[in-house]
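>>> Give the three-dimensional model of this entry:
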Amino acid sequence: MLDDGGDRLAEAVVGCVGVLRPAVGRDWTRVRAGRLDRNCHDTALHLADALLAYAAALAGRAQNALVPFALRLPDGTDNSGLLDVVEATGALLTAAVRTAPREARAVHRNPFGTAGREGFAAMGVAELLLHTHDIAVGLGLSHQPPAELAEFVLTRLLPHVRPGPGQWDTLRWATGRGELPGRAPVTDWHWSHDLVLPTERLTLQGVTPASAADLVRGGDGGFRWLDGGPFEGTREAAAHLIKLYRQGVHRPEFGLFVLVRRVDGRAVGGVGFHGVPDEEGRAEIGYDLVEGARGQGYATEALGALTAWALARDDVRALCATVEERNTASQRVLAHAGFARASVVDEGTAPEVDGMELPLRLYVINGNDRRVS
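Have a look, this model is predicted:
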């Protein structure tokens, strides 16, 4: 099982305080924090505020907005006391992450609206690493966090960012705090959490690069699988996701999703895209199930939900899927989801393999419910 992030958070808190504690005797209000438009004192207070807000959101399962409160320090609180507050709020978020169920999600401003416990842990680590850096720059302190912490953030919150020559340098560049050779400066950026799509019996949970890497290594990707693990197609899709991530062309909304049953939290299969839509707005889709979950309509339910979500977008005009001629069960799934068989010409474009039957290409198109034929 992948780390839920609690240990990473605790490590980041220790690192933050270890870097800043030696400078508590200085006046932090007179020093600008790196490239930020606030001083070092206010940046540290903002850091504690963010950690507390994340802890409250996750613990309370906030669904509409972050819990509306803010920290206020008593008059006379010195920098040492301020760091005590950072430690305490970091501990609260760590506890919230460690005690939250795997399926718990809470609202957060990002393209997909919510985050799970691993996402909140990654945001906490990011706040700690980046704002420690900001304050350290202002105070002239040395700060070089472990590469593993930066990678934890990159592979959970910035899946669209191509990995660079160093994880910490890449994270600073991706958040507008540094430069990378051959890459333009970043002036606008955002977190991108895993997308979750609900169905009647399932949730389709987006796979992060961290989760995909674990699946490729033979792990569970952070999911509790029925029958002990995913079918081979899901691991192959995870390997493809990692390839796209390393090229810097992965987009999480057009990646891999794991099918998780609502009734027991068990993962039963995978569904997802082979990449972003092409210039004509077509994207290819694939899916599989563990053997113990077949014949129960899960694939049809998941494919229908993902198809409806994709075709509601402006950048998707059509979806296609390729199956072997002899795989009648998969063809029935596609038919139930509204796919129609393509023309012989389209079928003939697929490569022939010795001993393999010719694949069948199927399409569904957005707009007037037209079928490609």
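>>> only C-alpha atoms for contact and neighbour calcs from this point on.
Will do.
>>> from the chain's centre, how far out does the host helix or strand of Ala310 sit?
Using DSSP states H and E, Ala310 sits in helix 298-311. Offset of helix 298-311 from its chain centre (CA atoms, centre = their mean, to the nearest Å): 20 Å.
>>> And it, what does it pack against?
strand 196-198, strand 202-206, strand 266-273, strand 282-289, strand 318-324, helix 328-336 (3 or more CA pairs under 8 Å, 6 or more residues apart in numbering; DSSP states H and E).
>>> okay, those in CSV with distance to Ala184 and mean neighbour count next?
Formatted as CSV, the helices and strands packed on helix 298-311 follow (distance: least, CA to CA, whole Å; neighbours: other CA atoms under 10 Å):
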stretch, distance to Ala184, mean neighbour count
strand 196-198, 31, 18
strand 202-206, 29, 23
strand 266-273, 29, 26
strand 282-289, 29, 21
strand 318-324, 33, 20
helix 328-336, 43, 16
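>>> mind checking which of the ones you listed is nearest Thr132?
Across those, Thr132 has its closest neighbour in strand 202-206 (30.1 Å, CA to CA).
>>> In this structure, what residue spans correspond to strands?
Applying DSSP state E to the chain gives strands spanning 105-107, 114-116, 196-198, 202-206, 224-225, 256-261, 266-273, 282-289, 318-324, 340-341, 359-365.
>>> could I get the ones you listed as CSV with distance to Ala136 and mean pLDDT?
Listed next are the strands of the chain as CSV, based on distance: least, CA to CA, whole Å; pLDDT from 0 to 100:
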stretch, distance to Ala136, mean pLDDT
strand 105-107, 31, 93
strand 114-116, 29, 92
strand 196-198, 37, 95
strand 202-206, 35, 97
strand 224-225, 41, 96
strand 256-261, 38, 98
strand 266-273, 42, 97
strand 282-289, 46, 94
strand 318-324, 49, 87
strand 340-341, 60, 82
strand 359-365, 54, 63
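>>> buried set for the helix holding Ala310?
298-307, 310-311 (16 or more other CA atoms under 10 Å).
>>> Quick check: of these, which lies closest to Trp28?
Ala310 (49.3 Å).
>>> I'd assumed Leu303 was in contact with the closest one.
No - the pair Ala310 / Leu303 is not scored as a contact, 10.4 Å apart, by CA atoms under 8 Å.
>>> Identify the residues contacting the closest residue to Pro198 other than its chain neighbours.
Ranked by CA to CA, 6 or more residues apart in numbering and with sequence neighbours excluded, the top spatial neighbour of Pro198 is Leu204, at 6.2 Å. Leu204 sits next to 196-198, 257-260, 302 when contact means CA atoms under 8 Å, 6 or more residues apart in numbering.
>>> With Ile242 instead?
Contacts of Ile242 by CA under 8 Å, 6+ apart are 209, 212-213.
>>> Dump the residues you listed into JSON lines; add pLDDT as well.
Compiled in JSON lines, the contacts of Ile242 are given as follows (pLDDT from 0 to 100):
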{"residue": "Pro209", "pLDDT": "97"}
{"residue": "Ala212", "pLDDT": "98"}
{"residue": "Ala213", "pLDDT": "97"}
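>>> Just the pLDDT for His240.
With respect to pLDDT, His240 scores 97.
>>> count of residues packed around the residue lying closest to it once chain neighbours are set aside?
Spatial nearest neighbour of His240, chain neighbours left out: His274 (7.7 Å); criterion: CA to CA, 6+ apart. Other residues near His274 come to 18 when the count uses other CA atoms under 10 Å.
>>> ok, now Gly281?
17.
>>> Would you confirm that it contacts Asp315?
Yes - look at Gly281 against Asp315 with CA under 8 Å: they come within range, at 5.7 Å.
>>> Any chance of a markdown table for the helices and strands packed on helix 298-311, columns distance to Val107?
As requested, the helices and strands packed on helix 298-311 are exported to a markdown table (distance: least, CA to CA, whole Å):
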| stretch | distance to Val107 |
| --- | --- |
| strand 196-198 | 12 |
| strand 202-206 | 16 |
| strand 266-273 | 23 |
| strand 282-289 | 28 |
| strand 318-324 | 30 |
| helix 328-336 | 33 |
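>>> among the ones you listed, which is nearest Val161?
strand 202-206 (16.6 Å).
>>> Name the strands paired with the closest one and say parallel or antiparallel.
Within its sheet, strand 202-206 is paired with strand 196-198 (antiparallel), strand 256-261 (antiparallel), according to DSSP bridges.
>>> circling back: and of the contacts of Ile242, the nearest to Ala293?
Looking across the contacts of Ile242 and measuring by CA to CA, the closest to Ala293 is Ala212, at 21.3 Å.
>>> I'd like to know how many residues surround Cys40.
Per other CA under 10 Å, the neighbour tally for Cys40 reads 26.
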